[in-house]
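K.L.:
The sequence and its predicted three-dimensional model are supplied below.
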Amino acid sequence: MNTRELPLIDAAVRYGSYPLVVGATAVVLFGGLAAGWPYFPTVPLIVAAALAIVALLERKLPFHAAWKWDHGDRVCDVIYAVENLAMLLAVHGIVAALASMWPSGTAWLDQWPLWAQAFAVGVVLDFSLYSVHWLSHRVTWLWCFHAIHHSSERLYWLNGERRHPLHAGMMAAPGLVAVVLIGAPALAVGTWLGLLAVHLAFQHSNLDYRVGPLRFVLGAAEVHRWHQYEDAQVNFGEFWMIWDHLFGTFRLPKQKLGADEVGSKEAIFPMNCGAQLMYPFHIPAPETTAALALARSAFQRETKLAVSCEVEGNLGAAWRALELGHIVSQPYLSLHLRSHVAMLGLAWRTRNVQEALAQLIRIALAPVGHALGRTPPQNVGTARFCVLEHGTWPHELDPVSLRRQE
């Protein structure tokens, strides 16, 4: 249905809901708190009223009719909403307490009006949210927390708070530490978080609203829905889209997102809230545990063999044993680091300065490579080879059992 075919009230909802509701929330929050209204209960009451309006509006003009009905997620989402909105309110008190223990930063322009200070806080916090959000799609252990947010099979106003509380803290922590250190007042931080909560309700809502050209600047639903599309690696911004433009992750397809094109692609994902809270700490699958045990056994065998060869004065064989140990350990960060430490020890004992420096560099780079998924497979990990050079499977090792074939 195009704009001309829309009833007047529906057109008003489509184009006026976001600016009117978010704008009114900002005016009351900034104006009221600047005038001396108490943070509590002012902020929770205003935010609750705005969220209720978003919930009513999406019933009036839904983006997808199928998303109006409970998908077995409503109870879980209510729990998350209460939990995370309470955390947002608690941040104000925590920042206020920290500010009293930490001398005010000299970089903060406290002569600015409250609304300007809040938006300055928003820029810093939003970069923190974008950065950790982006990493959460690339680092396995972070994804285990963030996958909960992507598990919903529909989008509606409560989805903005479907987050593991620990992951919500991880996303905001770098930005919160930064604004506290530079002297931002707790009121500016708390006010921005209140406005952000209303924006997130719009961002995930089942409301067919539009923001016009501002969709290239704000993380509105018409942009963010494509982030939820089968876990697409685009549009990570929470409030602003400037970071996505800067780092090349902004996408806005012209077609309409299908009602069944969101949600986790994992075959079995728990929909119970308690199970989801424990999901990041789940025990690895038996096959993963078995593979790690096999790699650990092979690594220990090669490390012991390297020690024997070193004692016998056969340094070439010692290095090759450590290289083979490195290859089998490479998929597992802890073993990977141990392999480089073993190589560093041999380099140090043999006064091989070049190799020792190479191993120090590799020890520093290994965690980064694992985090970004850029660790090249089967690289022997010594100074004789490039840091990022892929290798071939060594003929000495059986690729299935990891046993020596010699």
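P.N.:
Received, thanks.
K.L.:
For the stretch 51-200 of the chain, which segments count as strands?
P.N.:
For the stretch 51-200 of the chain, no strands are identified by DSSP state E, counting those that start in this stretch.
K.L.:
Where does the prediction get shaky in it?
P.N.:
99-106 (pLDDT under 70).
K.L.:
switch to 80 and redo it
P.N.:
Applying pLDDT under 80 to the stretch 51-200 of the chain picks out residues 97-107.
K.L.:
Which pLDDT value goes with residue 299?
P.N.:
Note for residue 299: predicted pLDDT of 92.
K.L.:
could we number from 56 for the rest of this?
P.N.:
Fine by me, first position is 56 from now on; the one you just mentioned is residue 354.
K.L.:
Pretty sure it sits against residue 391.
P.N.:
No: the pair residue 354 / residue 391 is not scored as a contact, 9.5 Å apart, by CB atoms under 8 Å. Backbone N, C-alpha and C define where each C-beta goes, glycine included.
K.L.:
And the spatially closest residue to residue 275 that is not a sequence neighbour, how close does it get to residue 93?
P.N.:
By the measure of CB to CB, 6 or more residues apart in numbering, the closest residue to residue 275 outside its immediate chain neighbours is residue 266, 4.7 Å from it. Residue 266 is 32 Å from residue 93, where distance means CB to CB, to the nearest Å.
K.L.:
and what of residue 309?
P.N.:
47 Å.
K.L.:
Between the two, tell me which one has more neighbours.
P.N.:
residue 93 (9 against 4; other CB atoms under 10 Å).
K.L.:
and residue 415, what element?
P.N.:
helix 408-427 (DSSP states H and E).
K.L.:
what's in contact with that helix?
P.N.:
190, 193-194, 388, 391-392, 395-396, 398-399, 401-403, 429-431, 436-438, 442 (CB atoms under 8 Å, 6 or more residues apart in numbering).
K.L.:
Show me which positions of it end up buried.
P.N.:
Buried residues in helix 408-427, counted by 16 or more other CB atoms under 10 Å: 410, 411, 413, 414, 417, 418, 421, 424, 425, 426.
K.L.:
Next up, the contacts around the residue nearest to residue 275.
P.N.:
Taking CB under 8 Å, 6+ apart, one finds 73, 74, 273, 275, 277 in contact with residue 266.
K.L.:
what do you get for residue 274?
P.N.:
Going by CB under 8 Å, 6+ apart, residue 274 touches 254, 258, 290, 292, 293, 294, 295, 296.
K.L.:
The fifth one: how many residues sit nearby?
P.N.:
Spelled out, that is residue 293. 23.
K.L.:
How about residue 280?
P.N.:
23.
K.L.:
pretty sure it is in contact with residue 311, am I right?
P.N.:
No: using CB under 8 Å, residue 280 is not in contact with residue 311, being 9.2 Å away.
K.L.:
Can you check which residues contact both of residue 354 and residue 391?
P.N.:
Joint contacts of residue 354 and residue 391 (CB under 8 Å, 6+ apart) are residue 384.
K.L.:
How about residue 435: what's its closest non-neighbour residue?
P.N.:
That would be residue 378: by CB to CB, 6+ apart, it lies 3.8 Å from residue 435.
K.L.:
Contacts for whichever strand or helix holds the one you found next, please.
P.N.:
Element membership for residue 378 (DSSP H and E) is helix 370-384. Applying CB under 8 Å, 6+ apart, the external contacts of helix 370-384 come out as 350-351, 353-354, 356-358, 360-362, 364-365, 390-391, 393-395, 397-398, 401, 405, 433-437, 446, 448-449, 451-452, 457.
K.L.:
Render the CA-only coordinates of it in PDB, please.
P.N.:
Only the C-alpha atoms of helix 370-384 are listed here, as PDB (Å, rounded to 0.1, in the frame of the first residue of the first chain):
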ATOM      1  CA  LEU A 370      67.800 -29.100  17.300                       C
ATOM      2  CA  GLY A 371      66.300 -29.600  13.800                       C
ATOM      3  CA  ALA A 372      64.100 -32.400  15.100                       C
ATOM      4  CA  ALA A 373      63.200 -30.400  18.200                       C
ATOM      5  CA  TRP A 374      62.000 -27.500  16.100                       C
ATOM      6  CA  ARG A 375      60.000 -29.800  13.800                       C
ATOM      7  CA  ALA A 376      58.300 -31.500  16.800                       C
ATOM      8  CA  LEU A 377      57.300 -28.000  18.200                       C
ATOM      9  CA  GLU A 378      56.000 -27.100  14.700                       C
ATOM     10  CA  LEU A 379      53.900 -30.200  14.500                       C
ATOM     11  CA  GLY A 380      52.600 -29.500  18.100                       C
ATOM     12  CA  HIS A 381      51.700 -26.000  16.900                       C
ATOM     13  CA  ILE A 382      49.700 -27.300  14.000                       C
ATOM     14  CA  VAL A 383      47.500 -29.600  16.100                       C
ATOM     15  CA  SER A 384      47.100 -26.900  18.800                       C
END
